[in-house]
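Visitor: kindly generate the corresponding structure for this input.
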Amino acid sequence: MKINTVSGACSGVLVAPQWVLTSTACFPNATAYAAPPAATMATVGRTTLSGTDGHVVGVARVVPQPDRPVLLARLVAPVTDVLLAPVAATPPQAGDSVFVAGYGRTGSEWVPDQPHLATATVDAVNPTTFGISSGSGPTTCKGDAGGPAWRTNTGGGAEVLAVHQSSWQGGCLGETETRTGATETRVDDLHDTLRQQTSSPILARYLDLGGVTSFLGAPQGGEYTVAGGSGQDYEHGSLYYSPATGVHSVQGLILGKYKELGGPATFGFPLTDETTTPDGVGKYNHFSLASGASIYWSPATGAHGIEGAIRDKWSALGWETGLGYPTTDETSTADGVARYNTFSLSDGAAIYATPGTGAHELRGEILKKWTALGAGPKLGYPTTDENTTPDGVGRYNHFSLAGGASIYWTPATGAHEIRGAIRQKWADLGWETGPGYPTTDENTTPDGIGKYNHFSGNASIYWTSSTAAHIVYGTIRDTWASLGWETSRLGYPTSDEYDIPGGRRNDFQHGNISWNASTNTTTATYI
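Guide: Numbering: from 1, shown residues only. Predicted coordinates for the structure are as follows:
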């Protein structure tokens with residue numbers, strides 16, 4: 001193939017659908033992993049340059065090889081209908097016949113319209129070069145630099161041994177030199193490197209991003225294999241590839257967190273490049289962990305991993321627009337039962353997950369109350385998200401404590417927990433639409449025997465193991481309180497309030513309190 005730049009022309013060979021192997025002489029000022037210094041076009045598969053067959057394709061990027069004057073030029077688009085000439089894996093031997101070709105000057109033409117072909121003999125083979133000579137005419141001439149020297153393999157195809165480096169020019173038009181020998185730059189020992197580069201999705205993506213001029217900067221070391229895929233580190237980030245996920249970039253603190261969490265082996269390969277969040281504040285990458293995984297970063301919270309059921313719940317709640325950004329990685333609770341992340345919502349937020357309860361969010365005053373009461377080991381883990389009560393006034397979460405537990409909050413009452421038999425009685429009475437909202441947590445009575453909650457509807461529920469849970473409210477409650485609650489002669493309630501002729505009554509261990517509707521008075525009776 002012929003390569004044309006604004007400053008001249010040289011030759012090359014198509015070794016992969018989107019890759020041309022040639023000499024650095026074709027791109028004397030080329031920078032590694034960058035665009036060519038000037039606009040460059042490659043004519044590929046054209047029988048004659050004046051014809052219309054084949055392709056004329058731009059060169060997008062060049063990849064010089066580090067230890068010899070050879071480079072790969074990446075075309076802007078692949079060429080799929082021209083026979084490739086793969087790189088040989090073994091060197092020639094002295095005395096072998098090889099073919100050389102190029103679009104350079106011949107013995108009779110300054111600018112030939114089609115490539116010339118010659119046969120040469122291999123002379124001495126050196127670590128990075130070998131010499132060739134011909135007794136029947138020129139080997140290579142000006143314009144042939146970068147063209148291939150190849151042999152025919154056992155299958156009848158061509159395999160490239162070298163690219164043209166220099167020539168005595170003997171026999172070339174306009175030359176008086178009689179020596180026809182030339183020096184070829186070996187590429188057979190670069191077989192594995194060149195094959196890896198021409199087939200590397202990571203290198204292709206890196207070049208598409210702009211190579212060294214991209215946000216990633218220069219490569220740091222070489223490509224490496226990891227967890228069934230590959231990776232490549234750069235000055236300002238990394239690219240990762242797997243067949244299932246393609247190539248994506250990870251940068252900055254997200255990259256640091258990704259490596260800290262185990263990288264592809266434990267967190268999966270990136271499914272996205274680093275992306276700005278919809279609110280414009282943060283950055284994130286999603287990853288291919290089977291249960292789902294992401295790392296989110298913001299200036300205020302840093303970078304944190306979130307995965308699985310917790311990530312699904314956070315997503316359902318609006319990602320960062322719901323609970324804010326994660327402020328911890330997913331972490332195991334001290335009792336080993338649950339996993340959780342906390343979030344940056346101004347009043348506090350967290351999502352807790354267990355195999356039995358699933359993942360649910362806690363926030364604000366309810367989260368603070370749950371934590372203050374001992375969290376999961378005391379009340380169990382949330383079995384609901386924070387919900388609004390049917391009357392629209394309060395908020396609540398239910399928890400997995402064996403006998404049942406909840407925390408209810410309103411602006412007027414604050415957040416309080418209610419559990420077990422008292423909670424069941426309250427539920428039977430209509431939750432907050434009956435006795436109102438709890439105004440205390442469940443407390444132990446002064447005598448150490450019973451439990452109780454007070455409620456905003458001038459009501460209380462008291463429980464003992466011998467009397468069960470019963471509600472006392474209104475005027476009867478006021479009278480019982482004035483007598484000393486359960487320390488009075490009446491003891492604990494043994495019934496809820498019920499109708500009697502002309503009023504209402506509660507029974508107690510040692511009597512009752514009756515309320516007269518007509519006089520709005522109460523009477524305590526002892527037995």
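Visitor: so how far is Ser514 from Ala359?
Guide: Distance, Ala359 to Ser514, using Cβ to Cβ, to the nearest Å: 51 Å. For glycine as for every other residue, the C-beta is placed from the backbone atoms N, C-alpha and C.
Visitor: looking at those two, which is more packed in?
Guide: Ala359 (23 against 19; other Cβ atoms under 10 Å).
Visitor: if I look at the residue most central in space within the chain, how far off is Thr180?
Guide: Centroid-nearest residue in the chain: His286, 2.7 Å away (criterion: Cα atoms, centre = their mean). The spacing between His286 and Thr180, counted by Cβ to Cβ, is 61 Å.
Visitor: same deal with Ile202?
Guide: With distances taken as Cβ to Cβ, Ile202 is found 43 Å from Thr180.
Visitor: more crowded one of these two?
Guide: Counted by other Cβ under 10 Å, Ile202 and Thr180 do not tie: Thr180 has more neighbours, with 23 against 20.
Visitor: spit out the contact partners of that one.
Guide: By Cβ atoms under 8 Å, 6 or more residues apart in numbering, the contact set of Thr180 is 133-135, 137-139, 168, 170-171.
Visitor: which of these count as buried?
Guide: 134, 138-139, 168, 170-171 (16 or more other Cβ atoms under 10 Å).
Visitor: and which of those residues is nearest Ile500?
Guide: Thr139 (122.4 Å; Cβ to Cβ).
Visitor: so that closest one makes contact with Ala120?
Guide: Yes - the pair Thr139 / Ala120 is scored as a contact, 4.9 Å apart, by Cβ atoms under 8 Å.
Visitor: who touches both of the two?
Guide: In contact with both Thr139 and Ala120: 100, 132-133, 182, using Cβ under 8 Å, 6+ apart.
Visitor: now those in JSON lines, with distance to Thr152?
Guide: JSON lines is the format used below for those (distance: Cβ to Cβ, whole Å):
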{"residue": "Val100", "distance to Thr152": "13"}
{"residue": "Ile132", "distance to Thr152": "16"}
{"residue": "Ser133", "distance to Thr152": "20"}
{"residue": "Ala182", "distance to Thr152": "20"}
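Visitor: show me the contacts of Thr180 that map onto strands.
Guide: In strands, judged by DSSP state E, the following of the contacts of Thr180 are found: Ser133.
Visitor: turn the contacts of Thr180 into JSON lines, including pLDDT.
Guide: Listed next are the contacts of Thr180 as JSON lines, based on pLDDT from 0 to 100:
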{"residue": "Ser133", "pLDDT": "94"}
{"residue": "Ser134", "pLDDT": "91"}
{"residue": "Gly135", "pLDDT": "83"}
{"residue": "Gly137", "pLDDT": "81"}
{"residue": "Pro138", "pLDDT": "88"}
{"residue": "Thr139", "pLDDT": "90"}
{"residue": "Trp168", "pLDDT": "91"}
{"residue": "Gly170", "pLDDT": "88"}
{"residue": "Gly171", "pLDDT": "88"}
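Visitor: widest-spaced pair of the contacts of Thr180?
Guide: Going by Cβ to Cβ, the pair spanning those furthest: Gly135 and Trp168, at 13.6 Å.
Visitor: can you give me the strands for the stretch 101-250 of the chain?
Guide: Using DSSP state E, counting those that start in this stretch, the strands of the stretch 101-250 of the chain run over 116-125, 129-133, 148-152, 158-167, 182-186, 219-226, 229-234, 237-242, 246-250.
Visitor: can you tell which of the ones you listed is closest to Lys368?
Guide: Among the strands of the stretch 101-250 of the chain, strand 246-250 sits nearest to Lys368 (Cβ to Cβ), with 35.5 Å.
Visitor: paired strands for the closest one, with orientation please.
Guide: strand 237-242 (antiparallel) (DSSP bridges).
Visitor: now Gly484, what are its backbone angles?
Guide: Backbone geometry at Gly484, expressed as degrees, to the nearest 10, gives phi 120, psi 20.
Visitor: that one and Leu490, how far apart?
Guide: 9 Å.
Visitor: the two: who's more crowded?
Guide: Set side by side, Gly484 and Leu490 show more neighbours around Leu490, with 25 against 11, by other Cβ under 10 Å.
Visitor: now do the same contact list for the residue lying closest to that one once chain neighbours are set aside.
Guide: With Cβ to Cβ, 6 or more residues apart in numbering as the criterion, Leu490 has its nearest non-adjacent residue at 3.8 Å, and that residue is Phe508. Shown in contact with Phe508 (Cβ under 8 Å, 6+ apart): 480, 490-494.
Visitor: could you rerun that using 10 Å?
Guide: 462, 467, 470, 472, 480, 483, 486, 488-495, 524-527 (Cβ atoms under 10 Å, 6 or more residues apart in numbering).
Visitor: swap in Leu173?
Guide: By Cβ under 10 Å, 6+ apart, the residues touching Leu173 are 105-110, 112, 138, 141-142.
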